[in-house]
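**Q** Would you be able to build a 3D model of this:
(chains A and B)
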Protein chains: 2
Amino acid sequence: MEASQRIENALKATIFAAQAADGPPLLQQALGYAVFPGGARVRPRLTLAVATACGGGCPRLADSAAAAIELLHCASLVHDDLPCFDDASSRRGKPSVHAAYGERIAVLAGDALIVMAFDALAAGGSNAPERMPAVLRIIAAGVGAPNGIVAGQAWECEPSVDLSKYQQSKTGALFAAATMAGAAAADGNPLQWRRLGECLGEAFQVADDLCDVLARTEECGKPVGRDVALDRPSAARELGLPGAVARLKGLIEDALNAVPDCPGRDALQTLLLAESKRFLPKDMAQRAA
Amino acid sequence: MEASQRIENALKATIFAAQAADGPPLLQQALGYAVFPGGARVRPRLTLAVATACGGGCPRLADSAAAAIELLHCASLVHDDLPCFDDASSRRGKPSVHAAYGERIAVLAGDALIVMAFDALAAGGSNAPERMPAVLRIIAAGVGAPNGIVAGQAWECEPSVDLSKYQQSKTGALFAAATMAGAAAADGNPLQWRRLGECLGEAFQVADDLCDVLARTEECGKPVGRDVALDRPSAARELGLPGAVARLKGLIEDALNAVPDCPGRDALQTLLLAESKRFLPKDMAQRAA
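**A** The predicted structure is shown next:
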C-alpha cells in the first residue's frame, strides 16, 4: 500500500475509535475536523520513508508512529491557533478549530489528540512490544519539555530567544522525532537519523517563514504576515529574503548528506529531494530573488 | 517504601527530567508549580493500593502508572482553571497556573504534562514491556475521547447532559483508570477493577459538589460556589444537600462491595474506608444535615 494511504488509514482508525460510542458530539466532530482533510502530511510520510529505507521492520508500528506524529502535529496547530497565541481564524483553507467550535472545544480537542497519539502507538505497537517504548520516548521528546515543540512554543513567551534554538524546538524537534521513530520502528539506529530530521525541520521552518512574507492567504490556507504582526523570530526577518532562500537551499543539501548508510539510501535521497522542492513553491522563490 | 513516597519520587524524577537541559524557563517552572506541592494524590495512591492488593506485580510499572495518572490529573486542573473554562484564580491554596504564569504558559504546561505522563509510563514500563501497552491504553481511555476526563469536560460545552454520564466521564473515568491500571501493572484482571474505580470516582465527585456548596474558600484551596456561578451540573443542586450526602454514603458502600477477590482484599477495604472519610470533612457533612 502506498505511504499516503497507510497514513490516512491509520489516522481514520484512530479518529473513528474516538468518535464511536456515546461521547460528547462537539468534541468528537472537532477531532475529525482538526485532522481531515489533512495538509501535506510531511512528517508521517518522512517516518514511513525512513522506516522503508531501513528495511521496513514492523510496518504496523511504523504506521502507528506516523499517525501519532501527525496527531501531535494537528494538536499543536489547534492550540497554536488559539486566541492567546496566534489568534488565527483560518487553517488549511477553512476556519480554525476555535473559530468553528469555540475556544473551549479547541483546548479539549488538542488535549484529546495528544492522548490519542500515544494510544494509537500503544495499539499499533502491541505486536512489537520490545520496540514500542523506545519509539514512544522518541516521539514524546519531540513534543514535550524541555526541547520538543511545546517547549518551542513556550520560547515565544520568553523575553528573548536565539532563532536557531527556537526553530529547533518549535519545528526541528518533531521532524527529528519523525526520522528517529521511523528508524526505531524498523531496524535502524535512531541516533544516526536525528541530523536528517533536524535539517529538514529547519528547512521547513525557513520555508514557512518565507511563505509568511511572500504568500497570499489563498496560497497558504492560513493568515500570512503573522510573524511581523506577532513580533515572532523569523529567518526571513533575520536574514532577509535572499539570505533566507540561500539558507533553505543549504539546509536541504545538508539533509541529503545526512542520510546514513542504509538499504534504501539512494531511493530515500531521491524522494527527499522531490519532497523538499514542495516546501517553497517555485514562484514564491522567484519573488524572493 | 511507603506509597506516598513512591509517588512523590516518581513525580520528581519526571519533572526533574523535563526541567533539565536548556529548555524555556517559564514553562519549566510552571511544570513544577503545577505538580508540587500536590493535593491528596488520591488517584495514584489508589493505583498503588490496587497493585499491592493484587500481589504487587512490577512495582516500577505501578509507580510509573501512578505518576502518569497524577500528571494527567494535574494537566486537567491546569486546563480546567483557564479563563475559557472555570477562570479560577486559585488552586491548592495558591494562584492557579494561568494566574501565576499567564494563559499561554498554562495551555503549554497542560500539554507538556500530558506528554510527560506517557513518557514516564514508557520509561517505567521498559522492564515489563509485555504489560505496558495495556496499562497505557487503560490510562489513555480514562483521559481522552470518547469517555475520558477530557470528554467529561467537553460535556460542559453541550446544550444538555445527563448528570451521571457527565460525572462518569469527568471524574469516574480517571478513577476507573487508576484502579484498572494498578491491576494491570500487577497480576489482576483490569476489568474486574473497573466498578471500584467508578464508584469511588462518583463518590469523590459528589463530595466535591458538596464542598463547592458547603466549604469556605480557605478550606478548599480553590474558589467555591462555582457550580452555580457556571451553571454546571452538580449532585448538590440536583439531589439537595441531604440527598447528596446519602448518595455519597451509598456510593462508598458500593465501592467496598466492588473490591474483587484478591490476595489483599481485606486490607484494601480497610484502607478505602479510611480514605473515603477524607472525601468530605466531618464538619461539612454535619453542615449538610
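**Q** who in the stretch 151-289 of chain A is up against chain B?
**A** Proximity of the stretch 151-289 of chain A to chain B, by C-beta under 8 Å from any C-beta of the partner chain, involves residues A:151, A:153-158, A:161, A:165, A:169. Any C-beta I mention is one placed from the backbone N, CA and C, and that applies to glycine too.
**Q** rerun at 10 Å
**A** By the criterion of C-beta under 10 Å from any C-beta of the partner chain, the positions of the stretch 151-289 of chain A lying close to chain B are A:151-159, A:161-162, A:165-166, A:169.
**Q** Out of those, which end up buried?
**A** Among these, the ones that count as buried by 16 or more other C-beta atoms under 10 Å in any protein chain shown are A:151-157, A:161, A:165-166, A:169.
**Q** Counting only strands, which of the residues of the stretch 151-289 of chain A next to chain B make the cut?
**A** The subset of those located in strands under the criterion DSSP state E is empty.
**Q** Show me which of these is closest to chain B.
**A** Closest approach between those and chain B, by C-beta to the nearest C-beta: A:Ala154, at 3.7 Å.
**Q** so the closest one sits right up against B:Ala30, yeah?
**A** Yes. Contact criterion C-beta atoms under 10 Å: A:Ala154 and B:Ala30 qualify, at 8.6 Å.
**Q** Find residues that contact each of the two.
**A** A:145, B:24, B:101, B:105, B:108-109, B:112 (C-beta atoms under 10 Å, 6 or more residues apart in numbering or on different chains).
**Q** out of those, which is most surrounded?
**A** B:Ala112 (33 neighbours; other C-beta atoms under 10 Å in any protein chain shown).
**Q** Name the helix or strand for the residue nearest to A:Met1 when sequence neighbours are not counted, please.
**A** Leaving aside its chain neighbours, A:Met1 sits nearest to A:Asn9 (7.7 Å; criterion: C-beta to C-beta, 6 or more residues apart in numbering or on different chains). Counting by DSSP states H and E, the element that carries A:Asn9 is helix A:3-19.
**Q** and that helix, average pLDDT?
**A** Averaging pLDDT along helix A:3-19 yields 96.
**Q** Then stretch A:138-156?
**A** On average, stretch A:138-156 scores 96.
**Q** what's the closest non-adjacent residue to A:Gln153?
**A** Using C-beta to C-beta, 6+ apart, the closest residue to A:Gln153 is B:Leu108 (5.7 Å).
**Q** dump the residue contacts of that neighbour.
**A** Here B:Leu108 is in contact with A:79, A:85, A:144-145, A:149-154, A:156-157, B:24, B:26-27, B:30-31, B:78, B:97, B:101-102 (C-beta under 10 Å, 6+ apart).
**Q** Would you check which pair of the buried ones among the residues of the stretch 151-289 of chain A next to chain B lies furthest apart?
**A** A:Cys157 and A:Lys165 (14.3 Å; C-beta to C-beta).
**Q** And the helices in the stretch 101-250 of chain A?
**A** Shown for the stretch 101-250 of chain A, the helices assigned by DSSP state H, counting those that start in this stretch span residues A:103-124, A:132-143, A:149-155, A:163-167, A:173-185, A:194-214, A:217-220, A:226-229, A:235-239, A:241-258.
**Q** ok, of those helices, where does mean pLDDT dip lowest?
**A** For those, mean pLDDT drops lowest on helix A:217-220, to a mean of 70.
**Q** Can you give me the neighbour number for A:Val78?
**A** When counting by other C-beta under 10 Å, one arrives at 28 neighbours for A:Val78.
**Q** Now it: which helix or strand?
**A** Short version, using DSSP H and E: A:Val78 is in helix A:59-80.
**Q** helices and strands around whichever helix or strand comes after that helix, which ones?
**A** Counting by DSSP H and E, the next helix or strand C-terminal to helix A:59-80 is strand A:90-91. Where contact means 3 or more C-beta pairs under 10 Å, 6 or more residues apart in numbering or on different chains; DSSP states H and E, strand A:90-91 is packed against helix A:59-80, helix A:97-101, helix A:217-220.
**Q** would you turn these into JSON lines with distance to B:Cys211?
**A** Formatted as JSON lines, these follow (distance: least, C-beta to C-beta, whole Å):
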{"stretch": "helix A:59-80", "distance to B:Cys211": "31"}
{"stretch": "helix A:97-101", "distance to B:Cys211": "31"}
{"stretch": "helix A:217-220", "distance to B:Cys211": "49"}
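**Q** Nearest to B:Gly225 among those helices would be which one?
**A** helix A:97-101 (28.4 Å).
**Q** Let me know whether the closest one sits next to chain B.
**A** Yes. Under the criterion of C-beta under 10 Å from any C-beta, chain B is reached by helix A:97-101 at A:98, A:101.
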